[in-house]
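In: Sequence and predicted model, in that order:
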Amino acid sequence: MAANGTGLPMARKPLAKIVTDDKQGNGMCHDDSAKGVKAHTIDELHFLQKKRSAPTTPLEGNQGAFASLPDDERRRQQLQSISASLASLTRGTGPKVVRGDPAAKSSQAVEHVAHHHHHHVEAPAISVSDDSSLKFTHVLYNLSPAELYEQAVKYEKGSFITSSGALATLSGAKTGRSPRDKRVVMDDTTQNELWWGRGSPNIEMDEHTFLVNRERAVDYLNSLDKVFVNDQFLNWDPQNRIKVRIVSARAYHSLFMHNMCIRPTDEELENFGTPDFTIYNAGQFPCNRYTHYMTSSTSIDLNLARKEMVILGTQYAGEMKKGLFSVMHYLMPKRQILSLHSGCNMGIDGDVALFFGLSGTGKTTLSTDHNRYLIGDDEHCWSDYGVSNIEGGCYAKCIDLSREKEPDIWNAIKFGTVLENVVFDEHIREVEYGDKSVTENTRAAYPIEYIPNAKLPCIGPHPKNVILLACDAFGVLPPVSKLNLAQTMYHFISGYTALVAGTEDGIKEPTATFSACFGAAFIMLHPTKYAAMLAEKMQKHGATGWLVNTGWSGGSYGSGNRIKLAYTRKIIDAIHSGSLLNATYEKTDVFGLEIPTEIEGVPSEILRPENTWGDKKAYKSTLLKLGGLFKNNFETFTNYKIGKDTKLTQEILAAGPNF
Ligand SMILES: Nc1ncnc2c1ncn2[C@@H]1O[C@H](COP(=O)(O)OP(=O)(O)OP(=O)(O)O)[C@@H](O)[C@H]1O
Ligand SMILES: O=C([O-])CC(=O)C(=O)O
Ligand SMILES: [Ca+2]
Ligand SMILES: [Mn+2]
């Protein structure tokens, strides 16, 4: 540091003062001209504008790889670690990385002065014939949202600040995940451990091909002037926290992960050390379609042994979030911890509810409840000690978002929030949430503390209620039914929802989707492994299962209507309060579901779907059709044992539709 404490060199005198009339004598004005700005140039003045942040806690006594190191040494090691992350495996050594924005020439110069030496990592002597060793890659390390905004607005087309302060971005050609382009490296270990084959999300690739794609991604990233690096955490359970590093080329990706992963404190960052898992996101760059196993220009590759993931050919940020979720689905069950594609919240009395469901069924909407503490909206772990959120943020669908119906989500869309693929007014920058011009899958990613009643840290006791959400576009499932354990398992393994095919060319038939464990795209082991763990935990902790239809009523899509969100919320309220547990129930045909006859705030006639259909014959045939689809889907599971005792397996097989 320079001796004047500003970090500026002291050599030159401040700018000469412009002398005006001396008014000191008349007592009219106090003298505020005495202290001139300590700057000689406009660059120096701008430098003064930015206060340097120093570590807030002393380093002594800390554990971890970077403990008790002088500042310079710690930074050097950190850059070395990033350089190693970006190493080409054939050349064996990482690129020369330097911290800071290549565009901020003055701040770079200042940084050198402030630290008395260059703190880039000198790569071990490589022959100069290697061009990549002649170039520096600038690293933008854990930038703040404000800095990322500036990067995005300056360099990324389609980035705009909206009227509420959120950053609107475009994810490019892909506006959703590409599960068919996901590959998992099959080696001796994973061949035995993972679920492969029909129905599995794990499409194999070999180690060599992974390395080809890794090299492609790393070379692309190293060819850039700058890359973003996020070092963050997953899982609020301190015993099972995972350190992740995300190397990406876009400020959008860095801000998205800043919001979605758990943000380390300055102290935690100082002691970060080596990551447990690294993502290389080279999404703007395609994979080579002549590479073995590639079927498109997009490839999302997971290598569990190397603890790495490579993204090529898609900029959709959800790939990173859900890629890491897959990793958790592998790591956690090894520790007897169940990973869940569910939302989670807690009442003031400490009653916890889980909300399972496929995309668009209401996990985020219903777990974000003004009367309850939000633990998380999408990814959780259930251990022997209770539940913990895996993430540090929420990822809400915002198509047709309204302030009245979803006030907490609406208010979370402010400075720091990433808004993907929304349409806004060119001048005022007000977002038009109803506009589907770019995609229907418009999204907002915000830190969980943007929800006023977020439960921090995001952990809670064992769940009391397990709510399975299905958006039934056939309109035959009851708005709510109480499930016994076998039924809960049956519906958990089935993982049903129904989407509506497409709205452009008039009304289309709903299509049933079955996705085991309500997240087949993310699980790594056979679904029965997770199901057995869920059954055991629910039994042990006395949790009640529920099936809630957040979809259609009074007919299928096209003739009926989607159940009003206000009614679904009343149903959920009655589950939380315990009042629904003691209601009067009747049993339905075909699915054998227990349905309540009355719920406060909900018209009783809608509780029995049959009542709401004008055409009873159509109702019956649609019900049977859906029952058939369930049966058909479950056939794949009939040869598997669930849990230790065969009794449960038999009960689960019998808990499906009967006709
Ligand atoms: N009765 C209802 N219950 C729940 N959601 C409803 C209902 N009616 C309409 N919706 C709308 O359905 C959507 C539910 O989406 P939500 O973001 O909660 O899905 P999700 O389960 O979190 O999916 P993902 O895993 O993709 O994030 C919201 O846009 C919500 O406004
Ligand atoms: O991962 C995504 O893109 C969004 C999401 O939450 C899901 O699909 O379950
Ligand atoms: Ca969600
Ligand atoms: Mn999800």
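Out: Now that the structure is in, tell me what you want to look at. Ligands and ions are numbered 1, 2, ... in the order given.
In: Would you map out the domains in this structure?
Out: 1-54, 66-141, 179-341+378-459, 462-654 (automatic domain parsing).
In: right, is stretch 181-196 up against ligand 2?
Out: No: using CB under 6 Å from any ligand atom, stretch 181-196 stays clear of ligand 2, coming no nearer than 11.8 Å. Just so you know, the C-beta spots here come from the backbone N, C-alpha and C atoms, and that holds for glycine as well.
In: hmm, who's touching that stretch?
Out: Residues outside stretch 181-196 that contact it (CB atoms under 8 Å, 6 or more residues apart in numbering): 200-207, 209-210, 293, 295-296, 298-306, 313-314, 323, 330, 521, 523-527.
In: Check the separation of the first and last residues in that stretch.
Out: Criterion CA to CA, to the nearest Å; first-to-last residue distance in stretch 181-196 is 15 Å.
In: Buried residues in that stretch, which are they?
Out: 181, 182, 183, 184, 185, 186, 187, 190, 193, 194, 195, 196 (16 or more other CB atoms under 10 Å).
In: what does stretch 584-603 give?
Out: 588, 590, 591, 592, 593, 594, 595, 596, 599, 602.
In: Any idea how far apart the tips of that stretch sit?
Out: For stretch 584-603, the end-to-end distance is 15 Å (CA to CA).
In: Likewise for stretch 44-53?
Out: Start-to-end, stretch 44-53 (CA to CA) is 17 Å.
In: Averaged pLDDT, that stretch. What do you get?
Out: The average pLDDT within stretch 44-53 is 78.
In: so who does the residue nearest to residue 263 when sequence neighbours are not counted touch?
Out: Among residues not flanking residue 263 along the chain, residue 392 sits closest, at 5.7 Å (CB to CB, 6 or more residues apart in numbering). By CB under 8 Å, 6+ apart, the contact list for residue 392 reads 232, 233, 259, 260, 261, 262, 263, 447, 448, 458.
In: Now the residue of the stretch 201-350 of the chain found nearest ligand 1: closest residue in space, sequence neighbours ignored.
Out: Nearest to ligand 1, among the residues of the stretch 201-350 of the chain, is residue 343, at 6.5 Å (CB to the nearest ligand atom). Distances taken as CB to CB, 6+ apart put residue 367 closest to residue 343, at 3.1 Å, once the chain neighbours are dropped.
In: ok, now how distant is the one you found from residue 517?
Out: Between residue 367 and residue 517 the distance is 18 Å, computed by CB to CB, to the nearest Å.
In: now swap in residue 90 and tell me
Out: In terms of CB to CB, residue 90 sits 39 Å off from residue 517.
In: Those two - which one has more neighbours?
Out: Using other CB atoms under 10 Å, the more surrounded residue of residue 90 and residue 517 is residue 517, with 26 against 7.
In: which intervals of this protein have sub-threshold pLDDT?
Out: The chain contains residues with pLDDT under 70 at 1-35, 54-68, 91-92, 105-133, 501-508.
In: What is the most widely separated pair among the buried residues of stretch 181-196?
Out: Spatially, the most separated pair among those is 181 and 193, at 22.4 Å (CB to CB).
In: Can you tell me the closest non-neighbouring residue to the residue in the stretch 101-250 of the chain that ligand 2 sits nearest to?
Out: Per CB to the nearest ligand atom, residue 177 is where the stretch 101-250 of the chain lies closest to ligand 2, at 4.7 Å. Excluding the flanking residues, the one nearest residue 177 by CB to CB, 6+ apart is residue 318, at 5.4 Å.
In: count of residues packed around that neighbour?
Out: 23.
In: How about the contacts made by it?
Out: 176, 177, 395, 443.
In: Within the helices and strands, which one has the spatially closest residue to the third one that is not a sequence neighbour?
Out: In space, residue 395 comes closest to residue 445 once its chain neighbours are excluded; the distance is 5.1 Å by CB to CB, 6+ apart. Per DSSP states H and E, residue 445 falls inside strand 443-447.
In: any idea how far the residue in the stretch 551-659 of the chain that ligand 2 sits nearest to is from residue 564?
Out: Here the residue of the stretch 551-659 of the chain nearest ligand 2 is residue 551; by CB to the nearest ligand atom that distance is 16.6 Å. The spacing between residue 551 and residue 564, counted by CB to CB, is 12 Å.
In: Comparing these two, which residue is more hemmed in?
Out: residue 551 (30 against 15).
In: show me the contacts for that one.
Out: Residues in contact with residue 551, defined by CB under 8 Å, 6+ apart, are 361, 470-475, 477, 497-498, 557, 562-563.
In: Show me the longest helix that occurs in this structure.
Out: Longest helix in the chain by number of residues (criterion: DSSP state H): helix 616-634.
In: Just the residues contacting that one, thanks.
Out: Taking CB under 8 Å, 6+ apart as the rule, helix 616-634 contacts 472, 474-477, 490, 493-494, 496, 512, 514, 555-556, 589-591, 609-610, 613, 653, 656-657, 659.
In: in the very next helix or strand once past that helix, what counts as buried?
Out: Following helix 616-634 in sequence order, the next helix or strand is helix 646-654 (DSSP H and E). Buried residues in helix 646-654, counting neighbours by 16+ other CB under 10 Å, are found at 648, 649, 651, 652, 653.
In: Also stretch 617-631?
Out: So stretch 617-631, judged by 16+ other CB under 10 Å, has buried residues 619, 622, 623, 626, 627, 629, 630.
In: Brilliant, that's me finished.
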